[in-house]
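A.B. asks: sequence first, then the predicted structure:
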Amino acid sequence: MEPTNPLTLGDAFNRRKKLAADFETWKGRLAAAGAVRRSYRTQAVEGDDAFVPDTGSEKTSTRHYTVDECRLRLAEILALDQALALRISLTNQQARTEVEDLDGVVRSYTIPELLVLKGDIIPKLELAARSVPLRADNVSVYDGGPDFVKHRSVTKVERKKETFNEKGLKAEEMVTLGYDVVEVTDFGLSARDVYNEIDRVQEYRERVKQAINRANKTELVQLTET
C-alpha cells in the first residue's frame with residue numbers, strides 16, 4: 001500500500017526505486033511459478049523398475065507462488081509505479097525554485113529546467129571555461145598590447161669543431177652557428193582569470209544542486225479523478 005502521509009518528490013523517487021526492485025523480484029518469482037521440475041537418474045525406463053530413482057539422485061524444484069499470484073502482484077506494482085510517475089511529472093511542472101545565474105540575476109526554474117542546467121548546460125560551461133588558453137609564464141616578454149603579449153625563446157645552435165695542432169694533437173671547440181628564435185604572440189588569459197571563471201561555474205553548479213534538493217522537498221500533487 002502507498003504511504004498515507006504526504007509524499008515529497010524525494011520520497012517519490014525513493015519509492016519508485018523500491019518498486020523497481022520489487023518488480024524484478026516478482027518477475028523472477030513469476031518465472032519460477034511456471035513449472036515444478038523433478039530430476040533423477042534411473043537404471044530403467046521400461047518394466048517393473050522403470051523410472052525408479054537411484055538413491056540420492058533425485059532433485060525437485062518448488063514454487064512458492066502461483067502464476068496468478070505473481071501476475072496480480074506485478075500489476076499492483078506497475079499501477080503504483082505509474083501513479084507515482086505521473087504525480088512526479090505533474091509536480092515537476094508545477095514546482096519552481098529560484099537560482100542566481102552566472103550573470104547575477106535570480107531566476108525561477110522548474111525542476112526539469114534545473115535538471116537540464118545541471119546535466120547538460122553547466123558541464124558545457126565548465127568545459128568552455130577550461131578550454132580558454134592560459135598565458136605563458138616565465139617567458140621573455142618584449143612587446144604587448146591590451147589583449148596580448150609577445151615573447152620569444154632563443155636557442156643557441158652549436159657544433160663541435162675539431163682541429164689539430166702542429167704536433168698532430170686533436171683539439172675540440174664549440175662553434176656557434178647561430179640562434180634559433182621562436183616568437184609567439186600570446187592571446188591567452190592569465191591563469192587567475194581562467195581559474196576564477198571555472199570557480200564561478202562550479203559555484204553555479206552547486207547553487208543548482210541545492211535548488212534541486214529544495215525542489216525535491218515539494219509535496220507531491222494528487223492525481224485528479226477521471
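C.D. replies: Looks like it came in fine.
A.B. asks: can you list the domains in the protein?
C.D. replies: For the chain, automatic domain parsing gives the domain ranges 1-94, 96-125+189-221, 140-186.
A.B. asks: tell me which of those domains sits most buried.
C.D. replies: Highest mean neighbour count among these (mean count of other CB atoms under 10 Å): domain 96-125+189-221, with a mean of 15. The way it works is simple: take the backbone N, C-alpha and C, and place the C-beta from them, glycine included.
A.B. asks: between the two ends of that one, how far is it?
C.D. replies: 13 Å (CA to CA, to the nearest Å).
A.B. asks: average model confidence for it?
C.D. replies: If you average the pLDDT over domain 96-125+189-221, you get 94.
A.B. asks: of the domains of the chain, which is nearest residue 133?
C.D. replies: Residue 133 sits nearest to domain 96-125+189-221 of all the domains of the chain, at 7.2 Å, using CB to CB.
A.B. asks: that closest one: how far from the chain's middle?
C.D. replies: 16 Å (CA atoms, centre = their mean, to the nearest Å).
A.B. asks: same question for stretch 81-94.
C.D. replies: For stretch 81-94, the distance to the chain centre is 24 Å (CA atoms, centre = their mean).
A.B. asks: same check on stretch 35-55?
C.D. replies: Its chain's C-alpha centre and that of stretch 35-55 lie 55 Å apart, by CA atoms, centre = their mean.
A.B. asks: out of the domains of the chain, the one nearest residue 134 is which?
C.D. replies: domain 96-125+189-221 (5.2 Å).
A.B. asks: downstream of the single longest helix found in the chain, the next helix or strand is which one?
C.D. replies: Longest helix in the chain by number of residues (criterion: DSSP state H): helix 67-94. Where DSSP states H and E defines the elements, the next helix or strand beyond helix 67-94 is strand 96-100.
A.B. asks: list the helices and strands that next one packs on?
C.D. replies: Applying 3 or more CB pairs under 8 Å, 6 or more residues apart in numbering; DSSP states H and E, one finds that strand 96-100 contacts strand 106-110, helix 111-116, helix 191-215.
A.B. asks: again, only this time at 7 Å
C.D. replies: When contacts are defined as 3 or more CB pairs under 7 Å, 6 or more residues apart in numbering; DSSP states H and E, strand 96-100 sits against strand 106-110, helix 191-215.
A.B. asks: can you list the strands that that strand pairs with?
C.D. replies: Note on strand 96-100: by DSSP bridges, its sheet partners are strand 106-110 (antiparallel).
A.B. asks: and the domains of the chain as TSV, adding distance to residue 132?
C.D. replies: As requested, the domains of the chain are exported to TSV (distance: least, CB to CB, whole Å):
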stretch	distance to residue 132
domain 1-94	35
domain 96-125+189-221	5
domain 140-186	13
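A.B. asks: contacting residues for residue 70?
C.D. replies: Shown in contact with residue 70 (CB atoms under 7 Å, 6 or more residues apart in numbering): 26, 29, 30, 33.
A.B. asks: keep only those of these that are in helices.
C.D. replies: Among the contacts of residue 70, the residues falling in helices (DSSP H) are 26, 29, 30.
A.B. asks: closest to residue 208 among those?
C.D. replies: Minimum distance to residue 208 across these is 37.2 Å, recorded for residue 26 (CB to CB).
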